[in-house]
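Asks: give me coordinates for this.
(one chain, ligands or ions: 1)
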Amino acid sequence: MIDIHCHILPGIDDGAQELNDSLEMARQAQSQGITQIVASPHHKNGSYDNNLQDILTEVNRLNKELVREGIDLEILPGQEVRIYGEMEEDLDVDLLTVNNTGVYMLIEFPSSHLPRYANKLLFDLQLKGIVPIIVHPERNREIMEDPSKLYRLIKEGSLSQVTASSVTGRMGKKIKKFSLDLISHNLAHFIASDSHNTTTRPFDLRDAYETVEKELGTSLRYMLQENPEEMVQGKMIDKDIPERIKKKKVLGLF
Ligand code: FE
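Replies: Model (predicted):
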């Protein structure tokens with residue numbers, strides 16, 4: 001199993017604070033059957049900046065520690081980029097794609113809204129060969145209120161990743177239902193842990209795949225579970241045509 005979104009690098013964001021935290025997270029991941037983790041520290045989110053070179057250095061360092069500790073897990077480089085207007089200028093300089101293949105990039109929206117320029121920017125990035133992966137759309141207030149906004153982005157070529165603990169119900173029933181709706185309407189293409197620690201933000205990845213299998217069937221589970229393998233190699237993933245989520249009309253408006 002491959003986890004494509006995780007804050008496992010020590011001391012550079014709100015994930016692992018020291019090497020020991022990283023090692024504990026690595027052991028928890030390994031116990032769930034995870035063999036590779038894309039380290040995706042925050043970048044440009046207002047609190048943390050972690051650019052390409054720094055991340056590559058930290059990934060090398062942590063991989064050496066894992067070997068020394070005898071933990072059979074490989075860390076791949078990645079970055080969780082908070083969307084900002086000048087992303088195109090910073091591609092190749094500060095910004096890092098998943099496993100540095102030049103294809104997939106994890107992009108985060110502010111939790112409250114969707115910036116006005118998002119559609120154009122995500123489209124322009126694709127013209128430069130980047131496939132945007134919108135991370136945890138199920139926790140964005142504007143998308144929750146109007147899922148057609150995510151539908152449009154996916155229709156225009158972006159992909160999305162829901163968080164494992166959203167799928168399992170750890171984040172609440174509403175978020176669980178919405179996450180499963182996104183998956184069943186082909187509006188989410190990956191599940192990842194977004195783990196920050198082993199207690200309050202753990203991996204939950206195996207549980208999430210089991211939830212998908214139970215609620216939506218085996219074939220969706222395996223599609224979601226295999227997509228990360230293609231993604232880290234920069235290859236095309238498996239996806240179906242996105243469908244709109246029909247929202248119930250609110251009484252009183254009509
Ligand atoms: Fe994250």
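
Asks: how about the residues of the stretch 51-200 of the chain that lie near the ion?
Replies: 80, 194 (CB under 5 Å from the ion). Just so you know, the C-beta spots here come from the backbone N, C-alpha and C atoms, and that holds for glycine as well.

Asks: residue ranges in the stretch 51-200 of the chain under the pLDDT threshold?
Replies: For the stretch 51-200 of the chain, not a single residue meets the criterion pLDDT under 70.

Asks: what is the burial count for the residue in the stretch 151-254 of the chain that the ion sits nearest to?
Replies: Residue nearest to the ion within the stretch 151-254 of the chain: residue 194 (4.3 Å; CB to the ion). Neighbours of residue 194 under the rule other CB atoms under 10 Å: 27.

Asks: name the residues of stretch 87-99 that are buried.
Replies: 87, 91, 94-99 (16 or more other CB atoms under 10 Å).

Asks: now stretch 128-142
Replies: Buried residues in stretch 128-142, counted by 16+ other CB under 10 Å: 130-140, 142.

Asks: by residue count, tell me the biggest helix in the chain.
Replies: The longest helix of the chain (DSSP state H) is helix 52-69.

Asks: if we can go back for a sec, dump the buried residues of stretch 128-142 into a markdown table; add secondary structure as well.
Replies: Converted to a markdown table, those look like this (DSSP: H, G, I helix; E, B strand; the rest coil):
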| residue | secondary structure |
| --- | --- |
| 130 | coil |
| 131 | strand |
| 132 | strand |
| 133 | strand |
| 134 | strand |
| 135 | strand |
| 136 | coil |
| 137 | helix |
| 138 | helix |
| 139 | helix |
| 140 | coil |
| 142 | helix |
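
Asks: between these, which sits nearest residue 233?
Replies: residue 131 (13.0 Å; CB to CB).

Asks: who does that closest one bridge with?
Replies: residue 104 (DSSP bridges).

Asks: mind listing what it touches?
Replies: Contacts for residue 131 were tallied using CB atoms under 8 Å, 6 or more residues apart in numbering; they are 103-105, 157-159.

Asks: residue 146: which of those is nearest?
Replies: Distances from residue 146 to these, taken by CB to CB, are shortest for residue 158, at 16.3 Å.

Asks: distance of the closest residue in space to that closest one that isn't next to it in sequence relative to residue 74?
Replies: Excluding its sequence neighbours, the residue lying closest to residue 158 (CB to CB, 6 or more residues apart in numbering) is residue 132, at 4.4 Å. Note on residue 132: its distance to residue 74, by CB to CB, to the nearest Å, is 25 Å.

Asks: please apply the same query to residue 30.
Replies: Residue 30 is 11 Å from residue 74, by CB to CB.

Asks: again, but for residue 29
Replies: 11 Å.

Asks: joint contacts of the two?
Replies: residue 37.

Asks: so for the two, which residue has more residues nearby?
Replies: residue 29 (26 against 16).

Asks: so the more buried one sits in a strand?
Replies: No: Residue 29 sits outside any strand when classified using three-state DSSP, being helix.

Asks: could you find the closest non-adjacent residue to it?
Replies: Closest to residue 29 by CB to CB, 6+ apart is residue 203, at 5.5 Å.

Asks: what strand or helix carries the one you found?
Replies: Using DSSP states H and E, residue 203 is not contained in any helix or strand.

Asks: was I right about it contacting residue 34?
Replies: Yes: between residue 203 and residue 34 there is a contact at 6.8 Å, judged by CB atoms under 8 Å.

Asks: higher neighbour count, the two?
Replies: residue 203 (26 against 21).

Asks: what residues are up against the more buried one?
Replies: 3, 6, 25, 28-29, 32, 34, 164, 193, 195.

Asks: distance check, residue 147 against the ion.
Replies: 21 Å (CB to the ion, to the nearest Å).

Asks: need phi/psi at that residue.
Replies: phi -60, psi -10 (degrees, to the nearest 10).

Asks: equivalent analysis for residue 191, please.
Replies: According to degrees, to the nearest 10, residue 191 has phi -120, psi 140.
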